[in-house]
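K.L.:
Need a 3D model of the following:
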Amino acid sequence: MHSIVCFSKIKDEIISNLKNAKKEIKVAVAWLTDEDIIRVLTQRKEAGIDVQIAISDSKENFKNTSKFKDFLKLKGKLYVSTTQFLHHKFCIIDDNVIINGSYNWSYPARTNEENILVLTLEQEDSKFLKQFNVKHEYLCKKCSVLITDIKSLNNFKDDSKDRGLLLAQLDETEIHLREEFERDVKTSFDKSVAAKIQVSHLLLERMKSDGGGVEFVKEYCMMKLLLVI
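P.N.:
Below you'll find the model as predicted:
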């Protein structure tokens with residue numbers, strides 16, 4: 001396997017690899033809004049390349065749907081992930097090159113601190129390639145809706161999600177629930193001690209070292225389950 005890492009001129013590197021495609025391009029990126037990249041993908045489809053794109057249902061992808069119009073007219077395959085938040089940023093080219101990293105194929109990404117790793121595979125890397133291909137197929141066939149025309153794509157202008165806001169809300173909820181759970185566990189320990197029930201304070205220390213009450217209880221329950229089995 002030959003690999004290069006890019007911290008600058010990432011967009012140029014992506015486009016260069018896309019233009020070199022001979023048979024197939026498979027894309028899975030959370031945000032695809034850079035019209036220069038979309039234009040190249042459309043041109044590759046027009047040249048007879050099989051192009052399959054999977055994107056998230058985040059609202060940013062549907063502010064200007066006209067950029068996908070020609071791609072869809074050419075029967076390019078565009079999937080929108082609706083069951084899970086597609087947060088990947090990878091591309092498979094001709095089952096030979098894999099592009100993977102933090103870089104979203106969007107305009108804002110050009111001014112961010114980002115990276116991609118470009119992997120050129122050898123025959124012995126087939127297992128590695130298979131993992132990416134299986135994931136891409138899963139994202140397209142199991143998690144997504146296939147878009148066949150611009151009208152179907154425009155429906156997502158109203159149905160898409162503010163993924164940034166949703167993720168922030170989920171994060172905040174998770175933090176509060178964990179804090180509440182840990183308080184409840186510690187309260188239970190205090191009540192047990194007050195009732196003169198023997199409780200090892202080493203358990204509280206274990207909870208801290210294992211990432212708090214949530215992770216500790218998960219591990220404890222799993223251990224009990226394995227003993228039962």
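K.L.:
from here on, contacts and neighbour counts on C-alpha atoms
P.N.:
OK.
K.L.:
show me what contacts the most centrally placed residue in the chain?
P.N.:
In the chain, the centroid-proximal residue (C-alpha atoms, centre = their mean) is His87; its distance is 2.2 Å. For His87, the contacting residues are Val29, Ala30, Ser56, by C-alpha atoms under 8 Å, 6 or more residues apart in numbering.
K.L.:
Give me the buried entries from those residues.
P.N.:
The neighbour count (16 or more other C-alpha atoms under 10 Å) marks Val29, Ala30, Ser56 as buried among the contacts of His87.
K.L.:
Take these and write them to JSON lines, including secondary structure.
P.N.:
Shown next, in JSON lines, are those (DSSP: H, G, I helix; E, B strand; the rest coil):
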{"residue": "Val29", "secondary structure": "strand"}
{"residue": "Ala30", "secondary structure": "coil"}
{"residue": "Ser56", "secondary structure": "strand"}
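K.L.:
Now render those residues as JSON lines, adding pLDDT and distance to Thr148.
P.N.:
Output for the buried ones among the contacts of His87, formatted as JSON lines (pLDDT from 0 to 100; distance: C-alpha to C-alpha, whole Å):
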{"residue": "Val29", "pLDDT": "97", "distance to Thr148": "19"}
{"residue": "Ala30", "pLDDT": "95", "distance to Thr148": "19"}
{"residue": "Ser56", "pLDDT": "95", "distance to Thr148": "16"}
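K.L.:
any low-confidence regions in this protein?
P.N.:
Low-confidence segments of the chain (pLDDT under 70): 163-171, 174-175, 199-201, 203-218, 220-221, 223-229.
K.L.:
for it, what spans make up the helices?
P.N.:
In the chain, the segments counted as helices under DSSP state H are 10-19, 35-46, 69-73, 126-141, 150-154, 156-159, 163-194, 202-209, 213-228.
K.L.:
could these go into TSV alongside distance to Thr111 and mean neighbour count?
P.N.:
Formatted as TSV, the helices of the chain follow (distance: least, C-alpha to C-alpha, whole Å; neighbours: other C-alpha atoms under 10 Å):
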stretch	distance to Thr111	mean neighbour count
helix 10-19	11	16
helix 35-46	16	19
helix 69-73	26	18
helix 126-141	27	15
helix 150-154	28	16
helix 156-159	26	14
helix 163-194	18	13
helix 202-209	39	13
helix 213-228	37	12
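K.L.:
Out of those helices, which is closest to His2?
P.N.:
helix 126-141 (13.2 Å; C-alpha to C-alpha).
K.L.:
What lies in contact with that closest one?
P.N.:
Contact with helix 126-141 is made by Lys26, Val27, Ala28, Ala54, Tyr79, Val80, Ser81, Leu86, Ile92, Asp95, Leu121, Leu146, as judged by C-alpha under 8 Å, 6+ apart.
K.L.:
can you tell me which two in the residues you listed are farthest apart?
P.N.:
Longest span within these, C-alpha to C-alpha: Leu121 and Leu146, 29.2 Å.
K.L.:
how near is the residue nearest to the centre of the chain to Tyr103?
P.N.:
Between His87 and Tyr103 the distance is 11 Å, computed by C-alpha to C-alpha, to the nearest Å.
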